[in-house]
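**Student:** sequence and predicted model, in that order:
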Amino acid sequence: MDEGPVVFDPSNEPYLGRHSVLVFDNMISAAMGAHEVIARSTHRGDLSRLQIAATQIVPHALSLALAIRELVRQGYLLAAEVLMRPLLERVAVISYLAEHEEKIALWEAGWPLT
């Protein structure tokens, strides 16, 4: 009795062909391409405090996006959904810091609550 593969690859994943998955794939590819270009430039000179925060936050967000995508590929949708919160938190944090640069000191201090 053939129950199908235990591990899926890009050619046979269960959600292959879904428009939302294709959009997510394209977003990940674009973000990785932009990150590669930006990462090279971060080694060339002095960074602002916001840029330093971004070098800490953005790679984590990309790693989470890649993990989410692999979980979707393997059909683990609940686990992928669980990782959406930390991904969105990182997006929200960098967006907030970009709009409120005076709060970067709070980020640098580790976001203490008091």
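**Tutor:** Noted; the coordinates are in hand. Quantities reported herein were computed from a predicted structural model and do not represent experimental measurements.
**Student:** residue 51 in helix, strand or coil?
**Tutor:** helix (DSSP: H, G, I helix; E, B strand; the rest coil).
**Student:** so for it, what's the nearest residue that isn't a sequence neighbour?
**Tutor:** Spatial nearest neighbour of residue 51, chain neighbours left out: residue 42 (6.9 Å); criterion: CB to CB, 6 or more residues apart in numbering. (Glycine included, C-beta is placed from N, CA and C.)
**Student:** contacts for stretch 72-88, please.
**Tutor:** 7-10, 13-15, 21, 24, 61, 64-65, 67-69, 71 (CB atoms under 8 Å, 6 or more residues apart in numbering).
**Student:** rerun at 6 Å
**Tutor:** Identification of contacts with stretch 72-88 by CB atoms under 6 Å, 6 or more residues apart in numbering yields 8, 13-15, 61, 64, 67-68, 71.
**Student:** among these, which are in helices?
**Tutor:** 61, 64, 67-68, 71 (DSSP state H).
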